[in-house]
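K.L.:
Attaching a predicted model along with its sequence, questions to come.
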Amino acid sequence: MRVALVILNWNTRDYLRDFLPGLLASCKVLGRDAQGQPNAGVIVADNASGDGSADFVQSEFPEVGLIRLDRNYGFTGGYNRALAQTDAEYFVLVNSDVDVPEGWLGPLVEWMDSHPGCAICGPKLHALYRENGAYRRSVNFEYAGAAGGYVDRFGYPFCRGRVLKRIEADEGQYDDSADVLWVSGACLMVRRAVWQELGGFDGRFFAHMEEIDLCWRANRRGWKVNVVPGSVVYHLGGGTLPAASPFKLKLNYRNNLLLLEKNAGSRVLVFARMVLDGCSAVVYLLAGKTTSFKAVLEAHNEYRKLSTGTDRNALPLDGTPGAMRRLCILPIAAMKGKRIFKYLKLYEDRH
């Protein structure tokens, strides 16, 4: 098999029912090899769901490969175990709440085939909304990754088409196959050889920002990470963890520190981020959001336990390909408002 589309599932049976048919149909576009075997296939790796997801897939979608894991290993541990059992030239990691249109897969495969220096690529990510029991595809970019992402000088991730909570509509302004620092783990394609070279995801992350770490490590080894604008998929978001989850907030704060420790190689930068995190924790407390306040404190405590020290081989932000390293995204976003996207696009084009 050339291409394996792998869904890591945890208690999302309804999304599998709704979106697996589209994924299966897209595999047929790639045809069969000389031996008559499909060039692409779908695999569901189940993180010991309690909603009957695995049995449902086995009975309703017998053509789908099924990997049953013995417990919930999170996004990182689940994918590491699933892909260790998967044989394909390209892995496509795709969330269970992603809706794919016809023709989305071919451009990714063609890009990887024609660009041997690219380790990881991804489609443009549009928002998918659920209204009155039906799904509606949108021209708006989606929060998780939009049209590829960067980090600013303090390590805050942001995207082409999404900055903080502000979302831009896709009007073709990012229809270039850009070199970026990262693409969203909601849907990305990675070479198996690179996945193995990098050792997969860092299991300490569990979930959230692990794809940024993977992409950044690939960049550090001289690989490219690209957005392929000829491919678009639609992401519902929050399929496993809702946006307001304190656990999700904790993971984001904790993992951002691990991300910087590993890839930027600067204790000063990590300390600066912890100070900024402390400021945001105070804001949460003053706003009466005590659960969010506690989530930041827990994130820092867990980071200290998981920390292995800065990597001496890490690239400083100034040497990181694709990083908008000179920007401070928070004050710029506050000053520019809706104009932030035009500002960033001009900055990107000039640098």
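P.N.:
Now that the structure is in, tell me what you want to look at.

K.L.:
From Gln173, how far out is the closest residue to Glu171 other than its chain neighbours?
P.N.:
With CB to CB, 6 or more residues apart in numbering as the criterion, Glu171 has its nearest non-adjacent residue at 7.8 Å, and that residue is Val139. Yep, even glycine has a C-beta here, placed from its N, CA and C like the rest. With distances taken as CB to CB, to the nearest Å, Val139 is found 12 Å from Gln173.

K.L.:
Between these two, which has more neighbouring residues?
P.N.:
Shown here are Val139 and Gln173; by other CB atoms under 10 Å, Gln173 has more neighbours (14 against 11).

K.L.:
For Ala299, give me its contacts.
P.N.:
Going by CB atoms under 8 Å, 6 or more residues apart in numbering, Ala299 touches Leu249, Lys250, Leu251, Asn252, Tyr253, Arg254, Leu257, Asp277.

K.L.:
Need the residues you listed in CSV (columns: secondary structure, distance to Gly222 and pLDDT).
P.N.:
Converted to CSV, the contacts of Ala299 look like this (DSSP: H, G, I helix; E, B strand; the rest coil; distance: CB to CB, whole Å; pLDDT from 0 to 100):
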residue, secondary structure, distance to Gly222, pLDDT
Leu249, helix, 34, 95
Lys250, helix, 33, 97
Leu251, helix, 29, 96
Asn252, helix, 28, 96
Tyr253, helix, 30, 97
Arg254, helix, 29, 97
Leu257, helix, 26, 96
Asp277, helix, 32, 97
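
K.L.:
Buried residues of the top strand by length along the chain, list them for me.
P.N.:
Scanning the chain for the strand with the most residues, using DSSP state E, yields strand 118-131. By neighbour count on 16 or more other CB atoms under 10 Å, the buried set for strand 118-131 is Cys118, Ala119, Ile120, Cys121, Gly122, Pro123, Lys124, Leu125, His126, Ala127, Leu128.

K.L.:
Can you give the distance of that strand from its chain's centre?
P.N.:
With CA atoms, centre = their mean, to the nearest Å as the basis, strand 118-131 stands 9 Å off its chain's centre.

K.L.:
If you count contacts, what does that strand end up packed against?
P.N.:
Strand 118-131 sits against helix 105-114, strand 134-141, strand 187-191, helix 210-220, strand 224-235, with contacts defined as 3 or more CB pairs under 8 Å, 6 or more residues apart in numbering; DSSP states H and E.

K.L.:
tilt between it and strand 134-141?
P.N.:
For strand 118-131 against strand 134-141, the angle by axes from the mean of the first three to the mean of the last three CA atoms, to 10 degrees is 130 degrees.
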